[in-house]
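A.B. asks: The sequence and its predicted three-dimensional model are supplied below.
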Amino acid sequence: MHYVECWRAIQAANRIFGFNGWSSDIVSLEKEFMGPEKDGKWVAMYSAVVRVELKDGTSHTETGSGDAKDRDRAKAVENARKEAVSDATKRALAADHGGTFSFEKCMIGLRRSQKETGK
């Protein structure tokens, strides 16, 4: 899958389905690993399961993972959790929702929004 920032995937979903045309839920968020490294930094690894549901009831659930390293243990945990949820959300949005939504449609929406904003 091409790298897409989560906010851009959400922006594309809003464009395609409308602001109130879809929703997402974090089904689970679990610590996979946490530990110190020899350099004094903490390593955190998390996995997330996110379900995206369209207004018509179509839904898709995906798993994502995230890892982070930081001298501050809490910051490593925060960043790993955020990355895991973002990854799962993007994967769920990129799925084919019964022919209604696909990664290609997501990319078309992203390209349009990038042209409009110049980014």
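C.D. replies: Okay, I see it. Bear in mind the structure is a predicted one, so any value in this text is a computation, not a measurement.

A.B. asks: pLDDT below threshold where in the chain?
C.D. replies: Low-confidence segments of the chain (pLDDT under 70): 1-3, 96-119.

A.B. asks: which residue ranges form the strands in it?
C.D. replies: 22-36, 42-54, 59-70 (DSSP state E).

A.B. asks: Determine the set of other helices and strands touching the first one.
C.D. replies: If contacts are counted by 3 or more C-beta pairs under 8 Å, 6 or more residues apart in numbering; DSSP states H and E, strand 22-36 sits against strand 42-54, helix 73-94. All C-beta atoms are positioned from the backbone trio N, CA, C, and that covers glycine.

A.B. asks: could you dump the ones you listed to a markdown table with mean neighbour count?
C.D. replies: A markdown table is the format used below for those (neighbours: other C-beta atoms under 10 Å):
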| stretch | mean neighbour count |
| --- | --- |
| strand 42-54 | 21 |
| helix 73-94 | 21 |
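
A.B. asks: Pipe those into CSV and attach distance to Ser28 per row.
C.D. replies: Converted to CSV, these look like this (distance: least, C-beta to C-beta, whole Å):
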stretch, distance to Ser28
strand 42-54, 5
helix 73-94, 10
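
A.B. asks: ok, Gly18 to Thr58 distance?
C.D. replies: Using C-beta to C-beta, to the nearest Å, Gly18 is found at 14 Å from Thr58.

A.B. asks: Counting neighbours, go ahead and name the busier of the two.
C.D. replies: Between Gly18 and Thr58, counting by other C-beta atoms under 10 Å, Thr58 is the more crowded of the two (15 against 10).

A.B. asks: quick one: the more buried one from Arg51, how far?
C.D. replies: For Thr58, the distance to Arg51 equals 11 Å [C-beta to C-beta].

A.B. asks: Would you point out which residue is most central in this structure?
C.D. replies: Ser86 (2.4 Å; C-alpha atoms, centre = their mean).
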